[in-house]
Structures are given as C-alpha cells and as structure tokens.
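Asks: Sequence and predicted structure, then a few things I'm wondering about:
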Amino acid sequence: MEEKKKWKSALKAAFPHTIPIFAGFWFLGMTYGIYMNVSGFRFWYPMLMSLTVFAGSAEFVAVNLLLGAFQPLEALAVTLMINARHLFYGLSMLDRYRGNGWKDFYLIFGMCDESFSINYSAEIPEGIDRGWFMFSVTLLNHFYWFFGAALGGIFGSWIRFRTEGLEFVMTALFVVIFIEQWSKEKNHFSSLAGLGIGLLCLPVFGAENFMIPAMLAVLAVLTFFRSPLKRQEPAQRSRDKKE
C-alpha cells in the first residue's frame, strides 16, 4: 500500500513534465501507425511493435525490414547504428538508475531520448520517490507512443492528412528541453561543449553520420574535464549561498 501511494504521488509529479512529449509522440505515433497500415500491416502490428520495441526511428525502418527478405544480421546492424546513442544515455544514467530494484529493468528498456532528457534534468519535488518518478516518466512516454501508434493503426485507412514537416515537432521539443536545462545550469561548459562539438562534426561527417562521432567526442571531453568540473561545484554552491 505504501508503494502504491508513492507511485501515485510520483505519477502526479511526473505528468506535467511529459505533457510536451505527449503532443509529439501522439502525432508521430499516429504517423507510424498510418504508415504501417498503408504498407499492408494489420492494426495489431504497430500496437505490438510500439509496446515491445519502443524505438522510434527504428520502428519506421523496421517496416521496410519486415517487407524485405529475412536478414537478421542486417536488421541488427541497422538498429544498432540508429540507436547507438542510447549507449551514451545509459552511461550517463548509471548513478541515477542504481538502487531502484525491479524498476531498473523497465527504466533501461523504456529509455528513449525524451525520457532520458526529463529523468536527467528534472528537479524531483521534495518527498517524491526518485525511482517511482523516473518510472512514471518512462511509463507515460511509452504509453503516449503506444496510444498514437494504436490509433494510427486502427484508423489509418480512414485518416488522410499531410505529414510533411511533422518530424520537426520533436526537434522543437528538444530545443525547449535544452533551453530549460541551460536556464538551470550554473556552469554551461557541458552544454557549450555539446553544441561546439556537434557543429564541428556536422560538416566533417555529414548530417546522416555526425551523431555518433559527436557523442564520442563529447564523452571524451567531459571525461577529461570531469575532475576540474567537480572541483568547481563546492565553490559554486558556496557562492550561491552567499548570494
């Protein structure tokens, strides 16, 4: 009973953080469901895929993989290439995800870009269980994607609308998350490093391939400067108290 109360409180606290995600996931999920519908798949395919795979871009790519010849190694390579960034997300969340019991298994499975952004940067209200908060964020985002994909799969043959430019919804969402994180930071080194390295890697590797090299470079830079940045934190906290 106590755990149930903790989850209810955490769910209420997490929900406002996920409202922008709902807008993006609902539309993109519907687009995915419609895409699968017009590709010849029954409505339960996008429902099952969104429930068990939950990998966004990889789910769109999976449509062509399912329509083609059975090539499991190619499917593995393509999926790994698309979602390799989650390796870096996982490294960043090692400390935050530790010690949450069985919830850790779902947190690892359900970690997408949006859940990572919220769970990494959100200020959890006092009295709210950290593990249940992160679990609620992940569960809500998972449900939003599943809900949109299910609607698109069920009603896809009846719905007709133009989807050009719809993918920019998620780009705008990440810009908002970045601005919010920037406003909370006392030291902007990590944000500036990410922006600078990304801009340098973009012309070198191209828009299709710059993500992984940029993340490797960011990881290397932040690892190198980890000790100096940690030494600055106590001094920054003392300055904040004086102010």
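Replies: Noted; the coordinates are in hand. Numbering: from 1, shown residues only.
Asks: which SS state does the nearest residue to residue 152 once chain neighbours are set aside fall under?
Replies: Taking CB to CB, 6 or more residues apart in numbering as the measure, residue 152 lies nearest to residue 33, with 2.1 Å between them; neighbours along the chain are not counted. Quick note: C-beta positions are derived from backbone N, CA and C, even for glycine. Judged by DSSP: H, G, I helix; E, B strand; the rest coil, the three-state class of residue 33 is helix.
Asks: dump the residue contacts of residue 33.
Replies: With contact set as CB atoms under 8 Å, 6 or more residues apart in numbering, residue 33 has these partners: 43, 46-47, 50, 148-154, 156.
Asks: Repeat the analysis, applying 6 Å as the threshold.
Replies: Contact analysis of residue 33 by CB atoms under 6 Å, 6 or more residues apart in numbering lists 46, 149, 152-153, 156.
Asks: Could you measure from the spatially most central residue of the chain over to residue 150?
Replies: The residue lying closest to the centre of the chain (CA atoms, centre = their mean) is residue 113, at 1.5 Å. As for residue 113, its distance to residue 150 is 21 Å (criterion: CB to CB, to the nearest Å).
Asks: before we move on, what about residue 90?
Replies: Relative to residue 150, residue 90 is positioned 28 Å away (criterion: CB to CB).
Asks: higher neighbour count, these two?
Replies: residue 150 (20 against 13; other CB atoms under 10 Å).
Asks: how does this protein divide up, domain by domain?
Replies: 2-170, 185-232 (automatic domain parsing).
Asks: right, so those: which one is the most enclosed?
Replies: Comparing the domains of the chain by mean neighbour count (mean count of other CB atoms under 10 Å), domain 2-170 ranks first with a mean of 17.
Asks: residue boundaries of the helices in the protein?
Replies: For the chain, the helices defined by DSSP state H cover 2-38, 44-52, 57-67, 72-83, 85-92, 94-97, 103-109, 113-121, 130-155, 168-184, 189-205, 211-224, 226-242.
Asks: Put together TSV for the ones you listed, with mean pLDDT on each row.
Replies: Compiled in TSV, these are given as follows (pLDDT from 0 to 100):
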stretch	mean pLDDT
helix 2-38	88
helix 44-52	92
helix 57-67	83
helix 72-83	76
helix 85-92	80
helix 94-97	86
helix 103-109	93
helix 113-121	88
helix 130-155	94
helix 168-184	66
helix 189-205	87
helix 211-224	80
helix 226-242	59
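Asks: which two in the contacts of residue 33 are spaced the farthest apart?
Replies: The distance between the two most remote of the contacts of residue 33 (CB to CB) is 9.9 Å, for 149 and 156.
Asks: which one among the contacts of residue 33 gets closest to residue 128?
Replies: The closest of the contacts of residue 33, once distances to residue 128 are taken by CB to CB, is residue 149, at 29.5 Å.
Asks: In contact with that closest one, which residues?
Replies: For residue 149, the residues meeting the contact criterion (CB under 6 Å, 6+ apart) are 29, 32-33, 46, 50.
Asks: Pick the one among these closest to residue 214.
Replies: Residue 214 lies nearest to residue 32 out of the contacts of residue 149, by CB to CB, at 26.3 Å.
Asks: how about residue 34, what does it touch?
Replies: Residues in contact with residue 34, defined by CB under 6 Å, 6+ apart, are 152, 156.
Asks: Please determine how far it is located from residue 130.
Replies: 37 Å.
Asks: now swap in residue 3 and tell me
Replies: To residue 130, residue 3 is 14 Å away according to CB to CB.
Asks: ditto for residue 90
Replies: Separation of residue 90 from residue 130 (CB to CB): 18 Å.
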